[in-house]
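>>> give me a model of this one.
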Amino acid sequence: MIAYGSHLFLRQAYLSGCSDFLKNPWTIEELEVRLDKIIATIRKNYSFPWGELSFYGQGVNVAGKEIALSCHELRILRMLAEQRGVIVDREALFYALWGKIDGSGSRVIDVHISSIRKKIASVIGTERGDKIIRAARGLGYILD
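Residues are numbered from 1 along each chain as shown. Purely as a prediction, here's the structure:
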């Protein structure tokens with residue numbers, strides 16, 4: 001989704017889940033370029049030793065099977081896939097979801113990661129989801 005309007009609405013638009021924001025005034029060419037970029041990001045396929053991971057719109061296929069992820073889980077998995085092989089900081093994941101840094105020491109990212117691991121593991125037939133998304137102790141998570 002792309003939102004548009006005054007720059008005063010930019011923060012709220014992103015916090016509401018928009019993919020991009022066009023500040024007034026904007027042109028149709030700018031909209032087309034931004035849509036092309038979003039579509040290219042949305043339709044990505046990744047190969048892993050445990051199978052294929054592919055994103056389409058608000059869905060995801062793992063090893064050829066669709067899995068149901070919450071909006072937050074999908075955003076986390078997409079971010080980890082885009083940074084494949086690189087440790088993604090827990091704070092960066094939190095910021096991607098809520099647009100602010102977590103100063104409370106919340107474990108909400110860990111809960112989402114655990115849920116993603118279980119869902120992927122159930123599809124690919126493994127008991128150890130932590131082999132799919134590894135924790136880098138004190139740093140964050142890595143998908144490889």
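>>> now name the helix or strand holding the residue nearest the centre of the chain.
Taking C-alpha atoms, centre = their mean, the centroid of the chain lies closest to residue 75, which sits 2.3 Å from it. Taking DSSP states H and E as the criterion, residue 75 maps to helix 71-82.
>>> other residues contacting the top strand by length along the chain?
Scanning the chain for the strand with the most residues, using DSSP state E, yields strand 51-56. Here strand 51-56 makes contact (C-beta atoms under 8 Å, 6 or more residues apart in numbering) with 42-47, 60-64, 74, 77-78, 81, 124. Glycine gets a C-beta too; all of them are placed from N, C-alpha and C.
>>> does residue 103 count as helix, strand or coil?
Three-state call for residue 103 (DSSP: H, G, I helix; E, B strand; the rest coil): coil.
>>> what's the neighbour count on it?
8 (other C-beta atoms under 10 Å).
>>> how about it, phi and psi?
phi -100, psi 0 (degrees, to the nearest 10).
>>> give me the pLDDT for it.
We have a pLDDT of 70 for residue 103.
>>> CA-only coordinates of the helix holding residue 75 in CSV, if you can.
C-alpha atoms of helix 71-82 as CSV (Å, rounded to 0.1, in the frame of the first residue of the first chain):
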residue,chain,number,x,y,z
CYS,A,71,1.5,-9.2,9.6
HIS,A,72,4.3,-8.7,12.1
GLU,A,73,5.7,-12.2,11.5
LEU,A,74,5.6,-11.7,7.7
ARG,A,75,7.5,-8.4,8.1
ILE,A,76,10.1,-9.9,10.3
LEU,A,77,10.6,-12.9,8.0
ARG,A,78,10.9,-10.7,4.9
MET,A,79,13.5,-8.5,6.6
LEU,A,80,15.5,-11.5,7.6
ALA,A,81,15.3,-12.9,4.1
GLU,A,82,16.4,-9.6,2.5
